[in-house]
Each structure stands twice: as structure tokens, then as C-alpha cells.
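[1] what shape does this take:
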Amino acid sequence: MAEEHLSSEKEKWSPSAPSSSSSYLTHQQQSRITNTSAGPGPNWQGLYPTIRERNSVMFNNEVMADVFFLVGPPGATQRVPGHKYVLAVGSSVFHAMFYGELAENQKEIRIPDVEPASFLSMLKYIYCDEIQLCADTVLATLYAAKKYLVPHLARACVSFLESSLSARSACVLLAQSRLFEEPELTRRCWEVIDAQAEPALRSEGFRDIDVGTLESILGRETLNAKELAVFEAALGWAEAECRRRGLDPGPENSRLVLGKALYLLRLPSMPLEDFANGPAQSGLLTAGETNRLFLWFTAADKPEPPFCSAPRAGLPAQRCRRFQSCAYRSNQWRYRGRCDSIQFAVDRRIFVAGFGLYGSSCGSAEYGARIELKRQGSTVGRNAVRYSSDGSGAAFTVWFEYPVRVDPDTFYTASVVLDGSELSYFGQEGVTEVQSGKVTFQFQCSSDSTNGTGVQGGQIPELVFYA
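    Numbering: from 1, shown residues only. Predicted coordinates:
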């Protein structure tokens, strides 16, 4: 069949497979991409002034249809009418299918590997110049757009995925971006996975990735995660893979399905306590491996471990410093539960990991800090931490539990409420724009600030981030 000849190698991926995040649209969702008109009446052409509007009438309409597609897997097939001329104008694959040297004149064409809703989304674009995407089916629509070489729709799908990228979805999208050969989406996925490694590794999507993607993540030098978290994620993936293969998800089979990926874990770089309470008792290691690793941790004459002993480098933290100097006076800077806050925006996506804060100007002191990051009034990150200051004018770093994604061209509010020594250093000679590496920061005063912090001076002298 012509359609089979023209299918790409990507057909080995099925949009409805368990590892995909896509699913069929509900009846209500499908109605948004279905031509609900009963059919054009007499002289209907005169009702529509443009060719686009007249083509739109033909979308999913049996009137003048000269081909029908049986779309979807057996048991969930939908019959979709088409018009060869319109389809050929919109896709070089359809052109070859209907007018090329291998063209066949069959009336019905079976397409079992594309979801009906996604196929209709593609036809909606071809007939109507309209792109309608939703999170449930965008991957399947990208598959259809790639298969039938509809590049503008494919780019729209990639842009949609980039805009909705999060730690929860990054691992699944990394696997699909590699399959679809979308290097920009792959790069964006790595940005999220590196910076927000622990929540990404704990996501349900991580358990659904293929073994090649698993190996690429476990071998990643720049993962910003504790090695115990990487080990636990690998173990969770192995148990899920055992179930997919119909195997008992015990240690022996988990080791089997991990294969060489097991040796991408950097178990010797863990603290001894993490190793003893985790990998050593998991049953995943052989007795010999466990013994050699314990000797590695404790013996003076250390044996060569069977795993890489160098810790992951992680991401280098960058700092945006917004003051040119700092000072202290006898009557400020005081806290008493009041909030120090500043607004900022960036020109490219970053991940804010924490703040630099001033400490006591009267010698060493302990502080409790409640830090918060908000976007348009909604909290996107917060933490309660303690830190020690040594009486110097240096900034002391406090961290969020996990780095917080900050999108470009949107103002965020960084806030802290301090509890500790009444008198501390404060910043002076602040500026509204700071260039930090490749990132430009814009600052403005925040209405949340009730303790005097603003652009020109005050607290929060540094934003610590990954880019």
C-alpha cells in the first residue's frame, strides 16, 4: 500500500503505547475539531469570500470526498473523509501518495498508528490554517505532523511542548524529542532535568522512558541531585520495566533489566550512611560488589570500586549581585518579622536556586529565614531555613528545596522574612538592570516589601540561579 511505503521509521513508536503521555480525546474535546455542519446547501460557495473559508467547509466532510482514512488501532478506528487535492497541497507525503509514481487508487487507506483526534488536528490545519493543540494529544499530533511532513504544525507542537515543559514531564519529553529528532526541545528538556533533577527523577514519567534515555540520564555529569536520589530513581524504573515485561519486580530481575545502566550509578560518591541504608540493602548488588564498596568507604587500602567514584559535577551556580556596596548603621537594618522584598524579570529562562542574604553587623549570629518566590501573586517556591553569619558584609546563601523555574519577560517577587539579630548589613547603590553571564535582570520595587528593601538598597543582595 502506498501509505505503508511512505511511512517513516518512526512508526515503531506508537502514540497510544503506555510510555506516551498522549491519550484519546473525549467526545467533547473531539467536537472542537469536527466539522459539525450538516453539509453545504445549494450555492454555498457564495457564502464564503475566501478560499480558506471554502476549504474549511470541506474539512471532515463527505461532500466531494474522494478518499477515506480508517484511522486508529483496531477497535478504536474512525472513518475520516478527505479530498486528495487539498491534502496534496498541504503535505508532500499525501502528494506522493495520491499523485506520485507509487500512487494507488484505493478508496480507503488504513492508518493504524495515528490517533483519530490527532489526525483530525492535522487535517484541521491543512484545510483551515487553524492549529488546535492540547496537552493530552500534542505528542500524537507531533507524530502525525512528522509522519506526513507538515513542518509548520510540527513546529507549533514543539513550541507548545516547550512552553509546558516541567520537571514532571521533562523525562518523557526528552525521550520523545530524541525519537522525533528535535534538538531544541532536547536541549530544553536537559535544562530542566539538570536543574530540577530530583523532582524530574521522581516523576511518573521517568519510569516510562526507554532504556536508551535512561542511560543518557544516569550518565549525565551535570545532574543536580544527590546520588541516593539517582539510585532510587533507577530502582523505580527497573521495577516498572519488570512489570512491562511481565517479570516479577524483584532485585534479580531489576538488575537484569537495568543491564549496563546499573554501572552508570556513582555509588562510591555517596555518603557511607546513604550507601548502607540504600544500595547495600536493596538486593540489587552482588555480595562481592557490596563488600568492595564497604571497603572503599572504610579501608585505608581501598580496592578499585566497580562503579565510578567521582561525584557528579552538577550545575555551576551563578549569582546576580544587585548592589555595588554594603554598609551598616547603628539604627538599621532591623527586622521584627517584617518582609524584605524585590521584584525582578529576566530575558531568558533560568532556575532560581536561592538568595544571598546579609547577616549581623555586630559579630556572629544565627538567623531563621522564610524565603519565598511568587509569580503574579502565586507562590512558586518557598522554604524555611537557618543560616549563620560571621559578622562580615558577605552575602550568605539560603536555598530553596529545589530550584524554581523562572520564565522570561515576567516579573517575579523575591521575599524574605528574617528572625535574628536586629542589626545587619544592608545593600547600597542598587541598579535597575544587571547583566549576569548571559542573563539580563531587571529590578523594580515590590509592594510586598514592608521593611524598606527596594531597588536602591536593602536586603536580598543576590539571586542564586542556574542557566
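
[2] give me the buried positions along stretch 448-467.
    448-449, 451, 453-455, 457-467 (16 or more other CB atoms under 10 Å). (Glycine included, C-beta is placed from N, CA and C.)

[3] that stretch spans what distance, first to last residue?
    27 Å (CA to CA, to the nearest Å).

[4] mind listing the helices for the stretch 151-300 of the chain?
    Using DSSP state H, counting those that start in this stretch, the helices of the stretch 151-300 of the chain run over residues 151-163, 170-179, 183-195, 197-202, 204-207, 211-218, 227-244, 251-258, 272-277, 279-282, 287-298.

[5] report the rounded mean pLDDT for the third one.
    The predicted model gives helix 183-195 an average pLDDT of 96.

[6] one more: the second one?
    If you average the pLDDT over helix 170-179, you get 94.

[7] any idea how far that helix is from the middle of the chain?
    Distance, stretch centre to chain centre, for helix 170-179: 9 Å (CA atoms, centre = their mean, to the nearest Å).

[8] same deal with the longest one?
    Relative to its parent chain, helix 227-244 has a centroid offset of 19 Å by CA atoms, centre = their mean.

[9] show me the contact partners of it.
    18, 197-198, 201-202, 206-209, 211, 214, 218, 223, 248-250, 253-255, 257-258, 261-262, 265-267, 269-270, 274, 278-279, 282, 284, 311-312 (CB atoms under 8 Å, 6 or more residues apart in numbering).

[10] picking that back up, deepest-packed of the helices of the stretch 151-300 of the chain, please.
    Ranked by mean neighbour count, the helices of the stretch 151-300 of the chain are led by helix 170-179 with a mean of 24 (mean count of other CB atoms under 10 Å).

[11] what bridges to residue 356?
    Note on residue 356: beta-bridge partners residue 397, residue 462, judged by DSSP bridges.

[12] residue contacts, it?
    319, 321, 395, 396, 397, 460, 461, 462, 463, 464.

[13] mind doing that once more with 7 Å?
    Residue 356 makes contact with 319, 395, 396, 397, 461, 462, 464 under the criterion CB atoms under 7 Å, 6 or more residues apart in numbering.

[14] hang on, isn't the fourth one packed against residue 353?
    No - under the criterion of CB atoms under 7 Å, residue 397 lies out of contact with residue 353, with a separation of 8.6 Å.

[15] about what we covered before: what's the most distant pair in the contacts of residue 356?
    319 and 396 (12.2 Å; CB to CB).

[16] picking that back up, more crowded one of residue 397 and residue 353?
    Shown here are residue 397 and residue 353; by other CB atoms under 10 Å, residue 353 has more neighbours (24 against 16).

[17] contacting residues for that one?
    Per CB under 7 Å, 6+ apart, neighbours of residue 353: 317, 399, 400, 403, 464, 465, 466.

[18] could you dump the helices of the stretch 151-300 of the chain to TSV with distance to residue 95?
    Formatted as TSV, those follow (distance: least, CB to CB, whole Å):
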stretch	distance to residue 95
helix 151-163	14
helix 170-179	25
helix 183-195	27
helix 197-202	41
helix 204-207	37
helix 211-218	34
helix 227-244	39
helix 251-258	44
helix 272-277	59
helix 279-282	56
helix 287-298	58
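
[19] of those helices, which approaches residue 370 most closely?
    With CB to CB as the yardstick, what comes closest out of those is helix 197-202 (21.3 Å).

[20] parallel or antiparallel, list what pairs with the strand or helix carrying residue 370.
    In this assignment (DSSP states H and E), residue 370 forms part of strand 365-375. Strand pairing for strand 365-375, determined by DSSP bridges: strand 378-389 (antiparallel), strand 412-420 (antiparallel).
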